[in-house]
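Visitor: Quick one, fold the following:
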Amino acid sequence: MKLRFGYVSHALALYEATPARTMTFARYSKLPKNERQEKLLSVTDTNLTNTLRALHYNIAHEIKLYRMSSSIVPLATHPEVKWDYQTPFREKFKEIGDLVKKHDLRVSFHPNQFTLFTSPRQQVTENAVIDLDYHTSMLEMMGLDNSAITNIHIGGAYGDKETTLERFYRNFDTVPERIKSRITLENDDKTYNAEETLTVCEETGVPFIFDYHHHMANQGNGLPEHFFERVKKTWQNREVSVKYHLSSPRSENAYRSHADYVDPKFALPFLEMLNEHGEDADIMIEAKKKDLAALKLVEDLSSIRGVKRLDGSTLLWK
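Guide: Prediction:
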């Protein structure tokens with residue numbers, strides 16, 4: 001079994017390299033009108049440059065898996081701004097996509113928790129489509145196929161899971177196909193457990209990303225029979241390995257919070273389940289120390305008997 005590890009957004013080993021510099025609407029509103037566009041352009045340019053820096057860093061460290069920041073373009077979906085970021089940055093987005101394709105990197109986005117399809121408020125659903133359109137448009141400008149995905153959660157239960165899931169299916173049916181074709185769903189740590197989320201994925205034809213830490217915080221009735229076989233089947237129309245998320249708890253009292261690094265002892269039962277299943281997999285590390293945590297976990301696991309490190313972020317589990 002071959003496992004590839006990656007990280008989220010910000011390469012901490014690089015100096016001043018956050019790809020998620022922000023600009024609030026309040027700050028935007030206080031600027032003189034003739035300075036607003038210039039500020040939007042400046043922040044976006046910095047975020048795209050730092051995304052490129054992270055990709056070059058990943059290539060140098062043989063990290064093939066990377067989640068890009070959702071905050072690359074400030075105020076891109078704000079109803080009172082919605083500015084044209086595509087025209088001035090089309091070439092820079094293409095440069096990112098060319099680099100991803102040239103080095104066979106696997107990239108993704110993970111919009112915030114408000115991008116969901118379970119709310120009884122129509123405006124929330126409409127905003128979710130707007131936000132996903134923004135993410136999809138960036139991937140399209142990069143020239144990437146639907147192996148580059150946007151991952152979301154199902155959302156809240158609103159006191160009645162059965163009724164809420166029926167609403168999810170209705171709302172999800174309204175999503176344009178170009179957006180829907182890139183969506184994946186992930187189990188969460190409070191509401192929709194792994195079995196419930198997998199069932200929704202099977203019903204909608206959406207690939208399922210299993211988050212082990214979330215599962216340990218919200219186990220439901222545990223993992224169903226043939227779980228990993230069912231997970232793999234949701235990815236059968238994609239020419240990529242199944243993708244998973246991994247982190248470990250900050251503490252017993254803050255179990256749902258992500259620790260700085262990943263505790264190998266916490267991760268091992270999950271990795272052993274994967275090994276028993278025997279399929280290659282890509283694993284996104286969601287620890288606070290990001291690239292440092294991913295590289296440290298690879299180093300820690302490579303010391304285990306029967307595990308061989310193939311490159312900077314890939315392990316062969318015998």
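Visitor: the strands in the chain, which residues?
Guide: Using DSSP state E, the strands assigned to the chain run over residues 2-8, 65-67, 106-109, 149-153, 183-186, 208-211, 242-246, 281-285, 307-309, 314-317.
Visitor: looking at these, which is closest to L41?
Guide: Between L41 and the strands of the chain, the shortest gap by C-beta to C-beta is with strand 106-109, which sits at 21.5 Å. Just so you know, the C-beta spots here come from the backbone N, C-alpha and C atoms, and that holds for glycine as well.
Visitor: Could you spell out the sheet neighbours of the closest one, each with its direction?
Guide: For strand 106-109, the paired strands and their directions (DSSP bridges) are strand 65-67 (parallel), strand 149-153 (parallel).
Visitor: Out of those, which one sits most buried?
Guide: Mean neighbour count, computed with mean count of other C-beta atoms under 10 Å, is highest for strand 149-153 among the strands paired with strand 106-109, reaching a mean of 24.
Visitor: List the contacts of the nearest residue to M142 once chain neighbours are set aside.
Guide: Nearest-residue entry for M142: G97, 2.9 Å, with adjacent residues in sequence omitted and distances by C-beta to C-beta, 6 or more residues apart in numbering. Residues in contact with G97 (C-beta atoms under 8 Å, 6 or more residues apart in numbering) are 141-144.
Visitor: Whichever of those residues count as buried, I'd like them selected in PyMOL; how would that read?
Guide: The PyMOL selection below is limited to those of the contacts of G97 classed as buried (16 or more other C-beta atoms under 10 Å):
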select buried, resi 141+142+144
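Visitor: Take the contacts of G97 and keep only those in helices.
Guide: Among the contacts of G97, the members falling in helices are M141 (criterion: DSSP state H).
Visitor: Let's have the contacts of G97 in a markdown table, adding distance to R121.
Guide: Shown next, in a markdown table, are the contacts of G97 (distance: C-beta to C-beta, whole Å):
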| residue | distance to R121 |
| --- | --- |
| M141 | 30 |
| M142 | 32 |
| G143 | 35 |
| L144 | 32 |
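Visitor: Out of the contacts of G97, flag the one nearest to D282.
Guide: Distance ranking of those against D282, using C-beta to C-beta, places L144 first at 15.6 Å.
Visitor: The residue nearest the centre of the chain: what's its closest spatial neighbour, skipping adjacent residues?
Guide: The centroid of the chain falls nearest to H110 when counting by C-alpha atoms, centre = their mean (3.8 Å). Nearest non-adjacent residue to H110, counting by C-beta to C-beta, 6+ apart: N151, 4.9 Å away.
Visitor: was I right about that neighbour contacting L185?
Guide: Yes - between N151 and L185 a contact is recorded at 7.4 Å, counting by C-beta atoms under 8 Å.
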